[in-house]
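**Q** got a predicted structure here, sequence first:
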Amino acid sequence: MSDPKNDDSIEPVASGSPRVASEFAAYAYHLSEKQGFFTSRLSAPGVDRFSEVVGSIAEIDAQERPLLGEAVMALHNVVPQDNDLVIVRGEVSSPTALRVRAQLVARNRS
C-alpha cells in the first residue's frame, strides 16, 4: 500500500472551479489503474479538516464513462485534511487492474 504522505496530490478532472451549490462542492478524479487496496491524495479546493466529505468509485470505460463491471469496489476511508486535500483509501477486487473514477461531494460549514 502506498504512503499517502509521499504520493503526489491528484487534481480534479474538470478545470476551473468545482461546481458549487450553496456550501456544497462536487469533484471527480480519474485515477490510474487500480487493483487491490490503494491510497490516494485528492486535491479538493475549499476542503479542510472540518468539511463533511462523502465519496464513491466506479470503473470507467475507454471514453471515461462510468460503468458497472464485474469488480467489487469500495472506498473504505474518506479523510478531509487542511490545505484543500482529501485522502481516500479504497479497494478494487479484480484479477486485473482497472481504470477507476472517484467522485467526492464536500460540505463546508459556514
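**A** Sure thing, it's come through.
**Q** for P95, phi and psi?
**A** Backbone torsions for P95, taken as degrees, to the nearest 10, come to phi -70, psi -20.
**Q** actually L31, not the one I wrote
**A** In terms of degrees, to the nearest 10, the main-chain angles of L31 are phi -90, psi 160.
**Q** test my guess that it contacts L98.
**A** No. Applying Cβ atoms under 8 Å as the test, L31 and L98 come out as separate, 9.6 Å apart. Where C-beta positions appear, they are placed from N, C-alpha and C, glycine not excepted.
**Q** just the strands in the chain please.
**A** Assigned by DSSP state E, the chain shows strands spanning 19-21, 24-34, 36-43, 52-60, 66-67, 72-81, 85-93, 98-107.
**Q** and of these, who's closest to V13?
**A** strand 24-34 (4.8 Å; Cβ to Cβ).
**Q** partners of the closest one, with directions?
**A** Strand 24-34 pairs in its sheet with strand 19-21 (antiparallel), strand 98-107 (antiparallel), by DSSP bridges.
**Q** tell me the contacts of V53?
**A** V53 is in contact with 44, 47, 78, 80, 86, 104-107, counting by Cβ atoms under 8 Å, 6 or more residues apart in numbering.
**Q** which among the residues you listed end up buried?
**A** For the contacts of V53, a burial check counting by 16 or more other Cβ atoms under 10 Å picks out 44, 47, 78, 80, 86, 104, 106.
**Q** looking at these, which is nearest E23?
**A** A106 (8.8 Å).
**Q** dump the residue contacts of the closest one.
**A** 24-27, 44, 46-47, 51-53, 80, 86.
**Q** again, but for N77
**A** Taking Cβ under 8 Å, 6+ apart, we find N77 in contact with 87-89.
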